[in-house]
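Chemist: I would like the atomic coordinates for the input below:
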Amino acid sequence: MDCEHFREAISARIDGEDPGIAAGMLDRHLAGCGACRAWETTAVVLTRSVRVRQAEELPDLTTLIMSAVTADATVTRAAAAGRGHEAPAVIRITLALIAAAQVLIAIPALTGNDMGATLHVAHEAGAWSLALAAGLAMAAWRPARAAALLPFLAVFVVSLAALTVGDIATGRVAPSAELPHLMAGFGLLLLWLESHPPTGIGHASRPAPAPPGARVAA
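Modeler: You can find the predicted model right below:
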């Protein structure tokens, strides 16, 4: 086997490939062949100079990236402020008044006086009215939670309305006796308005945020 074959094996071993001959045979040849040893040294130096080189200099993008992050945070805060602005004060105050009215409605039932209902049924009705008052009061205090009460109160109002119409139509109850239930309907309407605040009521529309980096002319 001539030196050319050994040098191919040396090159393959430097590249981490299978040299094609036994390592011991290759090492014995290198020990006895000065020309192949010199060729191996030159090949190793050349390989290292190609693989290991100074990293290319990249532009410093720190300022650009931080400006983009700041601009994105500004837009996000402005969008959140636009979506999460508080409901008009008139809606919140009215909702609080309805919550107080529900407490007044609950008091007679809690004391056992609920238009002839049994004591147990009167207590249950009073407890329900008190719980409804607490929910409406919480929504008036924390408008962000109003949407969570909507499905619950909507089912109650719709069911109660349907049953009340049937009771009035069959003469089981007088229409005037059902007037206090209108409070729950008003509460549902106000919860909807609070979670979907109408523009132009109780507050001015917010101006669109200026684009980042914009300058005000002197």
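Chemist: could you pull out the helices for this protein?
Modeler: Under the criterion DSSP state H, the chain contains helices at 3-14, 23-32, 34-51, 62-83, 89-110, 119-141, 146-169, 182-195.
Chemist: reformat those as JSON lines; add mean pLDDT and distance to residue 175.
Modeler: The way it works is simple: take the backbone N, C-alpha and C, and place the C-beta from them, glycine included. Formatted as JSON lines, the helices of the chain follow (pLDDT from 0 to 100; distance: least, CB to CB, whole Å):
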{"stretch": "helix 3-14", "mean pLDDT": "81", "distance to residue 175": "100"}
{"stretch": "helix 23-32", "mean pLDDT": "81", "distance to residue 175": "104"}
{"stretch": "helix 34-51", "mean pLDDT": "78", "distance to residue 175": "93"}
{"stretch": "helix 62-83", "mean pLDDT": "71", "distance to residue 175": "41"}
{"stretch": "helix 89-110", "mean pLDDT": "87", "distance to residue 175": "17"}
{"stretch": "helix 119-141", "mean pLDDT": "84", "distance to residue 175": "19"}
{"stretch": "helix 146-169", "mean pLDDT": "84", "distance to residue 175": "5"}
{"stretch": "helix 182-195", "mean pLDDT": "85", "distance to residue 175": "11"}
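Chemist: so which of these is the most packed in?
Modeler: helix 182-195 (a mean of 20; mean count of other CB atoms under 10 Å).
Chemist: which of the helices of the chain sits closest to residue 176?
Modeler: Minimum separation from residue 176 across the helices of the chain (CB to CB) falls at helix 146-169, 10.1 Å.
Chemist: format the helices of the chain as JSON lines; extra columns: distance to residue 176.
Modeler: Converted to JSON lines, the helices of the chain look like this (distance: least, CB to CB, whole Å):
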{"stretch": "helix 3-14", "distance to residue 176": "102"}
{"stretch": "helix 23-32", "distance to residue 176": "106"}
{"stretch": "helix 34-51", "distance to residue 176": "95"}
{"stretch": "helix 62-83", "distance to residue 176": "42"}
{"stretch": "helix 89-110", "distance to residue 176": "14"}
{"stretch": "helix 119-141", "distance to residue 176": "17"}
{"stretch": "helix 146-169", "distance to residue 176": "10"}
{"stretch": "helix 182-195", "distance to residue 176": "11"}
